[in-house]
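Student: Here is the input, now give the coordinates:
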Amino acid sequence: MQGVSLLLAAVYIFIFSLIVFLKNKSSVVNIAFFWFGFSIFLWLLFFGLACFFQSVELKLYLFKVGYIGIVFIPVAFNIFVLKFLNKRNPLLVGISFVLAIAFIVLNSSGNLFINGVYKYNWGYYPKAAFPCHFLFLFFFLSLFTYAIVKLGIYSFISKENISALQRAKIKYIFLGCLFGVMGVIDYFPNYGINVYPFGFIFMIAYPLILVYAIVKYRLLDISLVFTRTGIFIFVYSFVLGLPFAMGLGWKQYLISWLAEWWWLAPLISSTILATAGPFIYLFIQNKAENRLLKDQKRYQATLKQASSGMTRIKDLKKLLNLIVYILSRTINLEHACIYLYDFNKGDYLLKAARGKSLNSFNVIVKKHSNFIRYVEKVKVPIVYEEIKQKMQDYGGQEYKEVEEALRDLQAEVVVPIFTEKKLIAMGVLGKKKSRDMYSQDDLAVFVILANQVALAIENAQFYEESKKTQAQLFQAEKMATIGTMADGLSHQINNRLHALGFIAGDALDSIKLKAQDANKSSAEIKNLLCDVTGALLKIQENVRQGGEIVQGLLRYTRKGEEGFGKVDFDNLVDASIEMAQFKIKKDQLVIVKDYDKKISVVNGNFTQLQEVMFNIIDNAYDAIMQRKTEKKEKDYKGKIQISTRKIGSLLEISILDNGIGIKEEDQNKLFTPFFTTKLSSRKGTGLGLYVIRKIIEDNHGGKVFMSSEYMIGTLTIIKLPVFNK
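Tutor: Coordinates of the predicted model:
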């Protein structure tokens with residue numbers, strides 16, 4: 001069993017060492033690590049093979065070959081540490097090589113190093129020769145101590161400008177050293193101490209930790225590794241140790257109690273503990289990690305909670321500013337910013353920043369840059385320290401350009417934000433003020449947050465586009481309404497133009513007739529001037545009236561971008577009636593104003609509210625004309641009654657007409673776009689009531705209701721906020 005374990009461990013170590021070497025064959029660090037792993041491989045391989053032979057002489061020979069690997073383990077490891085720290089110590093390396101060769105020579109020369117084998121109840125083991133082997137043991141421990149001290153200094157004491165990633169790697173190697181030292185237990189059987197040589201287990205864990213530190217870049221916090229390792233050792237020492245203690249230390253007691261069934265106690269206990277072990281481990285680990293990562297888990301939970309509420313924000317600018325605020329404040333970053341893809345310019349533009357002013361960052365990232373291509377390719381958060389390390393390990397123009405781009409963006413992490421396969425935005429995060437590294441858990445939370453942010457951005461952009469579409473729809477409805485007023489407008493404007501033409505013609509004729517008689521008296525000249533003056537005054541009045549028509553039309557057709565403010569309701573009604581007169585005939589209906597002009601003041605956009613009132617009056621007039629045409633009532637007179645009352649902070653406006661009304665089956669469709677109850681589609685677009693609701697409820701935060709009785713009339717109720725100084 002011992003031989004199988006050693007051979008499996010040897011193959012395991014060799015494969016891992018080879019993977020590291022093949023990952024970057026030009027790296028001196030990777031090469032040094034391979035020789036370190038290969039030395040362990042030689043030791044485990046030949047010690048494992050020795051277990052399969054009965055001949056003591058052959059066992060001794062294989063043990064001596066295996067010791068060649070053992071001799072070179074501390075030498076190779078010291079070279080690896082020096083290369084990893086980018087330090088030079090040629091004197092130490094030279095001396096260690098000379099001593100290693102000397103020990104190998106001693107090992108090969110008779111019994112000066114190993115002078116036989118010990119036979120234990122668990123197997124055979126080489127017997128150390130004094131003093132050469134003892135000197136080697138001192139050599140072995142000295143080199144390891146030097147490496148541990150060197151790593152400890154760079155991990156916890158050194159003030160050198162070492163990146164957070166590099167320092168984390170050094171800590172991992174330091175942790176590996178602590179595990180590796182436990183392998184010294186395998187020297188005990190060399191000196192006749194009957195201890196099973198299980199130190200190779202620690203030597204397996206040792207290179208694995210180093211491999212993790214070399215190959216992986218997203219490292220866990222080192223304190224977390226210590227905690228997890230300690231819990232694992234504690235729990236499984238108990239799980240495995242208790243049944244072992246029962247089988248050896250309590251055997252006699254169990255025999256006296258259970259007789260020949262004594263073995264059931266360790267068997268049952270081992271079964272129960274083996275089942276419960278993982279649960280105990282996870283429970284203790286979660287408790288420990290919650291205490292150890294309290295701050296980190298707090299801000300990660302905050303980010304997850306914040307991400308769920310982002311989709312409710314419709315204003316894009318407000319959303320982006322909120323995102324960078326949450327990131328910088330929650331994680332305690334030096335700065336954070338967001339670049340958003342601009343469809344018009346075709347590039348990524350800086351839209352929000354926190355921690356520094358917008359002027360401190362690049363305002364644009366080109367869509368077709370190699371950096372964006374790399375982001376679109378990897379589709380995961382990009383860590384600057386990782387890219388920097390990859391550039392050093394592998395070189396290449398791609399990593400160089402990405403590293404330069406990250407440096408220009410002042411980014412420690414770039415979080416891509418995708419919708420489906422489209423990169424719509426990027427979150428750029430600076431360093432943590434605590435100078436802690438971004439952990440794997442951090443990056444996982446950023447991915448979740450990016451998905452929520454993508455959805456929130458898409459919603460906000462859709463809302464902005466829908467607002468533009470609505471504005472265009474409102475404008476289209478206005479222009480359609482103007483089309484229905486074309487006859488009235490052309491008639492009134494033509495009347496003014498004809499009047500101007502007749503008046504001007506009369507004035508010219510008068511001047512020509514009077515001018516023919518040069519002997520006329522001065523009194524007649526005065527009369528002539530009076531006639532001309534009167535004609536010109538009439539022309540001026542008609543010009544003024546024509547100008548009012550045009551101004552009223554312009555006021556109605558503009559988009560209403562003057563903002564919100566105090567709106568006098570009576571002025572609003574007058575302006576709406578003024579516009580309506582181009583279409584309606586005022587002698588065919590009565591408009592009753594039943595409200596207190598002093599209190600009827602609302603907060604709103606005058607142009608938009610004018611459109612609302614005009615549409616309601618226009619609809620009421622069409623309903624009145626339809627009733628007049630269909631019912632042919634002799635004494636019927638169209639009437640529109642407008643009244644108001646103040647209810648708390650709202651002004652309730654009621655517009656009641658006695659028109660044809662609306663059929664019951666049509667009343668639930670009133671605010672549906674393009675639905676109309678008018679006799680001819682030429683008279684209505686079906687957008688009027690839809691526009692009214694959008695303006696009142698979406699733009700002004702009010703409410704609009706309609707109730708109608710067919711052949712009786714219609715009541716429209718509007719509630720708007722009262723203007724407060």
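
Student: For whichever strand or helix holds Leu60, what does the pLDDT average out to?
Tutor: Here Leu60, judged by DSSP states H and E, is contained in helix 56-84. Averaged over helix 56-84, pLDDT sits at 92.

Student: Lowest-scoring secondary structure element of the protein by mean pLDDT?
Tutor: Ranked by mean pLDDT, DSSP states H and E, the weakest helix or strand in the chain is helix 222-248, scoring a mean of 57.

Student: Could you tell me how far whatever helix or strand comes next after that helix lies from the centre of the chain?
Tutor: Using DSSP H and E, the helix or strand that follows helix 222-248 in sequence is helix 251-258. When distances are taken as Cα atoms, centre = their mean, to the nearest Å, helix 251-258 is centred 64 Å away from the chain's centroid.

Student: Now stretch 406-421: buried residues?
Tutor: 406, 409-417 (16 or more other Cβ atoms under 10 Å). Placement of C-beta: from N, CA and C, glycine included.

Student: hmm, who's touching stretch 348-356?
Tutor: With Cβ atoms under 8 Å, 6 or more residues apart in numbering as the test, stretch 348-356 has contacts from 317, 320-321, 323-325, 327-329, 333-342, 358, 360-367, 372, 425-426, 430.

Student: go with 7 Å
Tutor: By Cβ atoms under 7 Å, 6 or more residues apart in numbering, the residues outside stretch 348-356 that reach it are 320-321, 323-325, 328, 333-342, 358, 361, 363-365, 367, 426, 430.

Student: and these, which are buried?
Tutor: Buried subset of these (neighbour count, 16+ other Cβ under 10 Å): 320-321, 323-324, 328, 333-341, 361, 365, 426, 430.

Student: What about those, which are in strands?
Tutor: Residues of these located in strands (DSSP state E): 336-341, 365, 426.

Student: so what's the most centrally placed residue in the chain closest to, chain neighbours aside?
Tutor: Centroid-nearest residue in the chain, with Cα atoms, centre = their mean: Ala450, separated by 2.6 Å. Nearest non-adjacent residue to Ala450, counting by Cβ to Cβ, 6 or more residues apart in numbering: Ile417, 4.8 Å away.

Student: host element of the one you found?
Tutor: Assigned by DSSP H and E, Ile417 falls within strand 413-419.

Student: Quick check: which ranges of the stretch 51-200 of the chain have low pLDDT?
Tutor: 158-166 (pLDDT under 70).

Student: sec struct for Val11, please.
Tutor: For Val11, the secondary structure call by DSSP: H, G, I helix; E, B strand; the rest coil comes out as helix.

Student: how much space is there between it and Ser5?
Tutor: As judged by Cβ to Cβ, to the nearest Å, Val11 and Ser5 stand 11 Å apart.

Student: Residues contacting stretch 95-115, please?
Tutor: Contact with stretch 95-115 is made by 60, 63-64, 67-68, 71-72, 75, 78, 126-129, 132-133, 136, 139, 143, as judged by Cβ under 7 Å, 6+ apart.

Student: how about 8 Å then?
Tutor: Contacts with stretch 95-115, where a contact means Cβ under 8 Å, 6+ apart, come from 60, 63-64, 67-68, 71-72, 74-75, 78, 126-129, 132-133, 136, 139, 143.

Student: could I get the buried residues of stretch 406-421 as a markdown table with pLDDT and distance to Phe52?
Tutor: Listed next are the buried residues of stretch 406-421 as a markdown table, based on pLDDT from 0 to 100; distance: Cβ to Cβ, whole Å:
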| residue | pLDDT | distance to Phe52 |
| --- | --- | --- |
| Leu406 | 91 | 55 |
| Leu409 | 91 | 60 |
| Gln410 | 90 | 61 |
| Ala411 | 91 | 57 |
| Glu412 | 89 | 54 |
| Val413 | 92 | 53 |
| Val414 | 94 | 55 |
| Val415 | 92 | 55 |
| Pro416 | 94 | 55 |
| Ile417 | 91 | 59 |
